[in-house]
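S.K.: need the 3D shape of this:
(chains A and B)
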Amino acid sequence: MRTVSADRITEAVERLCINANCDLNRDVEEALVKAYGAEKSEIGRNVLKQLIENARLAREKNMAICQDTGMAVVFVELGQDVQVTGGDISEAIIEGVRRGYRKGCLRQSVVADPIERVNTGDNTPAVIHYELVKGDRLKICVAPKGFGSENMSALGMLKPSDGLEGVKRFVIDTVDAAGPNPCPPLLVGVGIGGTMEKAALLAKKALLRPIGEPNPRESLDRLEKELLSEINRLGVGPAGLGGTVTALAVHIEVFPTHIAGLPVAVNISCHAIRHAEAEL
Amino acid sequence: MVKVIHTPLTIDVVKSLKCGDEVSINGVIYAARDAAHKLMLELLKRGEELPFDIKNQVIYYVGPCPAKPGMPIGSAGPTTSGRMDAYAPELIKLGLKGMIGKGLRSDAVKQAMKEYGSVYFGAVGGAGALLAQKIVSQEVIAFPHLGPEAVRKLVVKDFPAIVVVDSYGSDLYRTGREKYRSSPQS
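M.R.: Sure thing, here's the model as predicted:
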């Protein structure tokens, strides 16, 4: 049994919140540069130029890439041979979010109750997903999620007879309906199968895969490329002002499902695809 | 060519701006988003005054990050304007001449813009660090308890935006998309 102190977890989460929000991952930056080369619209290229400049400025000044520094979504892979000492793991994570958002001058974007809507003042709580894994590692990934794009995400409980065509249609229609709102160019996360909540979680997890890393399943890799090509024919373009690059990539995750169902979730991310992780 | 404009906006300036024009905005603009709009409309409903004289003014849909030491403001890009659609026509009727945001507007908003003369500017969503460099100062002038959603008076210099919906009803989100849309491959 390996022990990890709650304090270490808090310190790591604090750091990861700031890194994720201020330092755009290189795979995303490279994808934006590539998009600049591919975009046919002049206005679209101008938008991409601003986004690349924005990412560099944010890194240099250690300030938020986007003012919507999101609700903190935290993925935890907890080895079953790890014991957390000196405190509760969830409280340690939430304290890390509280400190990170304060120290990093990140926005407080969370309300305590969805109906009454009073700001909690410290961007807590976080949405935490735990996965128990074998061994003694503890991996924490902080993925702040802005709501311009979260609001345009969708879940469809399709029928098995809708098949692959139905899945494709649902993904493309969701991106088309979103138009300029989610700050394209997008990363489109797709979760297919499982149950309602499993599909949604798969779609969110799909956003964590680095851009440019192919899907290990060849059939899904083909489907991702096909969907990307169709999405980029929609004409939405950078910032939705018209253009040929609406999405940077489509990432798909699948899971076995019920004989009666075909759940499909589409979780859209804006171009500020933010996540930072650490192993403790 | 970038058109340099100064706030408050006159009706002549509003009428001269066309969908697709690149502009550089200078002067005072007001930051307000969801919760502030809700409260402002409640004030009007009770017959009370708005926190600022809205005539000929520009509202920026933004909730900025806190400022780092030595800086006037934190990251400050536009939020999705559609959430303010329920409130915008009433404000346009009272003389609001411009809105800065990102994302689609409703037909009711576009109709009010045509009727009373108002323009919708798009700033690049997600370029919050870059746009913050164009904000010279900020002052919270109403609803401080709303934190990032408080109403702020901002002074901007060379703030880059593009006319998305003009006072004639043209919408770049529609025309831009149509121009680059192509039929499915299969």
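
S.K.: return the distance of stretch B:52-67 from the chain's centre.
M.R.: Put simply, stretch B:52-67 sits 7 Å off its chain's centre (Cα atoms, centre = their mean, to the nearest Å).

S.K.: ugh, wrong one, I meant stretch A:143-161
M.R.: Per Cα atoms, centre = their mean, the centroid offset for stretch A:143-161 relative to its chain is 11 Å.

S.K.: ends of that stretch, what's the gap?
M.R.: Terminal residues of stretch A:143-161 are spaced 35 Å apart (Cα to Cα, to the nearest Å).

S.K.: at which residues are the strands of the chain located?
M.R.: Chain wasn't specified; assuming chain A. Here chain A has its strands, by DSSP state E, at A:2-5, A:71-79, A:82-85, A:127-133, A:138-145, A:154-158, A:186-194, A:247-257, A:262-269, A:276-279.

S.K.: ah, no, chain B please
M.R.: Assigned by DSSP E, the strands in chain B fall at B:3-6, B:22-31, B:58-60, B:98-101, B:119-122, B:135-142, B:151-165.

S.K.: the second one - contacts with which helices or strands?
M.R.: Judged by 3 or more Cβ pairs under 8 Å, 6 or more residues apart in numbering or on different chains; DSSP states H and E, strand B:22-31 is in contact with strand B:3-6, strand B:58-60, strand B:151-165. For every residue, glycine as well, the C-beta is placed using N, CA and C.

S.K.: contacts only, for the most centrally placed residue in chain B.
M.R.: Among the residues of chain B, the one closest to the centroid is residue B:100, at 2.0 Å (Cα atoms, centre = their mean). Neighbour list for residue B:100: B:25, B:29, B:58-62, B:78, B:121-123, B:159, B:161 [criterion: Cβ atoms under 8 Å, 6 or more residues apart in numbering or on different chains].

S.K.: repeat that with 7 Å
M.R.: B:29, B:58, B:60-61, B:78, B:121, B:123, B:161 (Cβ atoms under 7 Å, 6 or more residues apart in numbering or on different chains).

S.K.: same thing with residue B:4?
M.R.: Counted by Cβ under 7 Å, 6+ apart, residue B:4 has contacts B:24, B:26.

S.K.: kindly report the same for residue A:125.
M.R.: residue A:94.

S.K.: ok, now with 10 Å
M.R.: Going by Cβ atoms under 10 Å, 6 or more residues apart in numbering or on different chains, residue A:125 touches A:71-72, A:90-91, A:93-94, A:97-98, A:110, A:112.

S.K.: from the residues you listed, keep the buried residues only.
M.R.: A:71-72, A:90, A:93-94, A:97-98, A:110 (16 or more other Cβ atoms under 10 Å in any protein chain shown).

S.K.: most proximal residue of chain A with respect to chain B?
M.R.: When scored by Cβ to the nearest Cβ, chain A has residue A:242 as its residue closest to chain B, at 2.3 Å.

S.K.: spatially nearest residue to that residue, not counting backbone neighbours?
M.R.: Distance criterion Cβ to Cβ, 6 or more residues apart in numbering or on different chains; nearest residue to residue A:242, sequence neighbours excluded, is residue B:176 at 2.3 Å.

S.K.: phi, psi for the nearest residue to residue A:240 once chain neighbours are set aside please.
M.R.: Among residues not flanking residue A:240 along the chain, residue A:180 sits closest, at 2.1 Å (Cβ to Cβ, 6+ apart). As for residue A:180, its main-chain torsions (degrees, to the nearest 10) stand at phi -80, psi -20.
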